[in-house]
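Asker: sequence plus predicted model, see below.
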Amino acid sequence: MSDGDVSECVRNDDVSCWVSNGDIGRCGLGKGEIIYKSRGTPPGSPTEKTCRCVVPSGSNMNALASPNKVLVTDLASVVKSVPSNFIRPISDRPNLTPVLRASSIPLIDLQGLDGPHHSSLVQHIGEACKSDGFFLVKNHGIPENVVNNMLRVAREFFRLPESERLKDYSDDPSKAIRLSTSFNIKTEKVANWRDFLRLHCYPLEDYVNEWPAFPPDFRKEVAEYCTRVRRLALRLLEAISESLGLDSGYINKSVGEHGQHMALNYYPPCPEPDLTYGLPGHTDHNLITILLQDDVPGLQILRNGQWTAINPIPNTFIVNIGDQMQVLSNDRYKSVIHRAVVNCSKERISIPTFYCPAPQSLIAPAPELVDHPHKPALYTKFTYNEYYREFWNRGLTTNNCLDLFRLAPT
Ligand SMILES: O=C(O)CCC(=O)C(=O)O
């Protein structure tokens, strides 16, 4: 393809007619038009389609070329439309269903958790885990400056020069520290408008010296943040254990030497946010997640069959139940599907902390929550390692990975 003249690319199909000389496809330049055979067709559409791009003479082809960028952060700064490998099939786009605002996601004030209101707060937490699987917490004990510094170093990291960021790049999900993009580029068919830095962070001393060294205070601020979040997670796990009628230490004991992972999610502004996701619908693989988001909306949860936005509220964290907690609670508590959408004007940062069982720990419904024949165990026993591998290999799908471990009704 000669870099001839193009200023406009007309989409006349479900396939993005992206004029490219990169890895998406090649254009054959005809007289005043390009016949383009797309390789990057979204799932659900017929395998390959030919579409036509109008090529007015006298305009510049380079304006439309899809640059060969590894990270979406760098791609986003040079494209004016979404390349075809990010485009979802029409049946799976974020703007299809009207999104409701969450008016009644429980907001729990943790101030009284260690005082006279302990029992009523435990009950409140239990109800939230049962009805929504998601709740907000305030007065959580993590100082505002720790949170602000965490968000600042995350933002500064994603603004480092591309060459500096790429030093941490890997597409191997088993690596404890890596920068990557989308979800799992080795298995997924459609890419997501997200880059992320994944950090294992407990035990801290095993990992902190492997974390990125820039910005210069990155390690110090992230270490402070994740130490505090771990304390919060432990308090919440005790309360959740009690809310299930179990000993307060039950969950922690049953998951062995736990892991703590963080993702620093970076969603750059997206020129066509209605065609793609930051992250498509999924549940979390772990026990509980404590999510920090900046002031840009993007998180949505599936609630009573409707996508519902959880917009940022300053000084709160979002807590959600993960798949392992659903198993442990024998389905009393729900791991709920959620997703992240993007927007065309603002970058967004979200930082989930995933509290995870030890890789070899055996996960199964707590015996106290199994009652034959009324409430039999709903899941077979498995190791967290088995689950984690499945989760990453399958990619993000709304078919819950838990179904692989669910026992058939007797
Ligand atoms: O960005 C968000 O709000 C959600 C992030 C998330 O669900 C994840 O990282 O698993």
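Answerer: Okay, I see it.

Asker: near the ligand at all, stretch 307-326?
Answerer: No. Stretch 307-326 does not reach the ligand (Cβ under 6 Å from any ligand atom); its nearest approach is 7.7 Å. Heads up, the C-betas are built off the backbone N, CA and C, glycines and all.

Asker: rounded mean pLDDT for that stretch, please.
Answerer: For stretch 307-326, the mean pLDDT works out to 96.

Asker: got the CA coordinates for it in PDB?
Answerer: The C-alpha trace of stretch 307-326 is given here as PDB (Å, rounded to 0.1, in the frame of the first residue of the first chain):
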ATOM      1  CA  TRP A 307     -26.300  -2.000  34.400                       C
ATOM      2  CA  THR A 308     -26.000   0.400  37.200                       C
ATOM      3  CA  ALA A 309     -23.200   3.100  37.600                       C
ATOM      4  CA  ILE A 310     -21.300   3.400  40.800                       C
ATOM      5  CA  ASN A 311     -20.100   6.900  40.600                       C
ATOM      6  CA  PRO A 312     -17.200   8.100  42.700                       C
ATOM      7  CA  ILE A 313     -17.800   9.400  46.200                       C
ATOM      8  CA  PRO A 314     -14.800  11.100  47.800                       C
ATOM      9  CA  ASN A 315     -13.200   9.300  50.800                       C
ATOM     10  CA  THR A 316     -14.900   6.000  50.200                       C
ATOM     11  CA  PHE A 317     -13.800   2.700  48.900                       C
ATOM     12  CA  ILE A 318     -15.900   0.200  47.000                       C
ATOM     13  CA  VAL A 319     -15.800  -3.300  48.500                       C
ATOM     14  CA  ASN A 320     -17.000  -6.300  46.500                       C
ATOM     15  CA  ILE A 321     -17.300 -10.000  47.100                       C
ATOM     16  CA  GLY A 322     -15.200 -12.200  44.900                       C
ATOM     17  CA  ASP A 323     -15.700 -15.700  43.500                       C
ATOM     18  CA  GLN A 324     -13.900 -17.500  46.400                       C
ATOM     19  CA  MET A 325     -16.200 -15.800  49.000                       C
ATOM     20  CA  GLN A 326     -19.200 -17.000  47.000                       C
END
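
Asker: buried ones in it?
Answerer: 307-308, 310, 312, 316-326 (16 or more other Cβ atoms under 10 Å).

Asker: in space, what's closest to the spatially most central residue of the chain - neighbours in sequence excluded?
Answerer: The centre of the chain sits closest to Leu279, judged by Cα atoms, centre = their mean, with a distance of 5.3 Å. In space, and not counting its chain neighbours, Leu279 is closest to Ala340: 4.3 Å by Cβ to Cβ, 6 or more residues apart in numbering.

Asker: contacting residues for the one you found?
Answerer: Arg194, Asn265, Tyr267, Tyr277, Gly278, Leu279, Gly298, Leu299, Gln300, Arg348, Ser350 (Cβ atoms under 8 Å, 6 or more residues apart in numbering).

Asker: what do you get for Ile290?
Answerer: So Ile290 contacts Val229, Leu232, Ala233, Leu236, Phe317, Ile318, Val319, Pro352, Thr353, Tyr355 (Cβ under 8 Å, 6+ apart).

Asker: try it again with 7 Å
Answerer: The neighbourhood of Ile290, defined by Cβ atoms under 7 Å, 6 or more residues apart in numbering, consists of Val229, Leu232, Ala233, Phe317, Val319, Thr353.

Asker: with His258 instead?
Answerer: Per Cβ under 7 Å, 6+ apart, neighbours of His258: Tyr355, Cys356, Pro357, Ala358.

Asker: now swap in Gly141 and tell me
Answerer: Leu232.

Asker: neighbours around Pro409, how many?
Answerer: Around Pro409 sit 6 other residues, with neighbours defined as other Cβ atoms under 10 Å.

Asker: low-confidence stretches in the stretch 51-200 of the chain?
Answerer: 51-67, 96-97, 102-103 (pLDDT under 70).

Asker: that one against the ligand: which residues are in contact?
Answerer: Residues of the stretch 51-200 of the chain lying near the ligand (Cβ under 6 Å from any ligand atom): none found.

Asker: in the stretch 51-200 of the chain, which residue sits closest to the ligand?
Answerer: Phe196 (7.1 Å; Cβ to the nearest ligand atom).

Asker: so that residue makes contact with Leu264?
Answerer: Yes. Shown here, Phe196 and Leu264 form a contact pair, counting by Cβ atoms under 7 Å, at 6.3 Å.

Asker: burial check on His338, number of neighbours?
Answerer: Around His338 there are 25 residues (other Cβ under 10 Å).

Asker: cool, and Pro161?
Answerer: 9.

Asker: which stretches of the protein form helices?
Answerer: Taking DSSP state H, the helices of the chain run over residues 72-76, 118-131, 144-158, 162-165, 204-207, 218-243, 250-254, 323-328, 384-394.

Asker: dump these into JSON lines; add distance to Leu179 as well.
Answerer: Formatted as JSON lines, the helices of the chain follow (distance: least, Cβ to Cβ, whole Å):
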{"stretch": "helix 72-76", "distance to Leu179": "10"}
{"stretch": "helix 118-131", "distance to Leu179": "33"}
{"stretch": "helix 144-158", "distance to Leu179": "9"}
{"stretch": "helix 162-165", "distance to Leu179": "6"}
{"stretch": "helix 204-207", "distance to Leu179": "15"}
{"stretch": "helix 218-243", "distance to Leu179": "12"}
{"stretch": "helix 250-254", "distance to Leu179": "31"}
{"stretch": "helix 323-328", "distance to Leu179": "25"}
{"stretch": "helix 384-394", "distance to Leu179": "16"}
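
Asker: winner for burial among those?
Answerer: The highest average neighbour count among the helices of the chain, using mean count of other Cβ atoms under 10 Å, belongs to helix 323-328 at a mean of 26.

Asker: sorry, back to before: show me what the residue of the stretch 51-200 of the chain closest to the ligand bridges to in the sheet.
Answerer: Ser180, Asn265 (DSSP bridges).

Asker: quick one: it from Leu328, how far?
Answerer: In this view, Phe196 and Leu328 are 27 Å apart by Cβ to Cβ, to the nearest Å.

Asker: report the contact partners of Cys201.
Answerer: Cys201 touches Tyr207, Cys226, Gln260, His261, Met262, counting by Cβ under 7 Å, 6+ apart.
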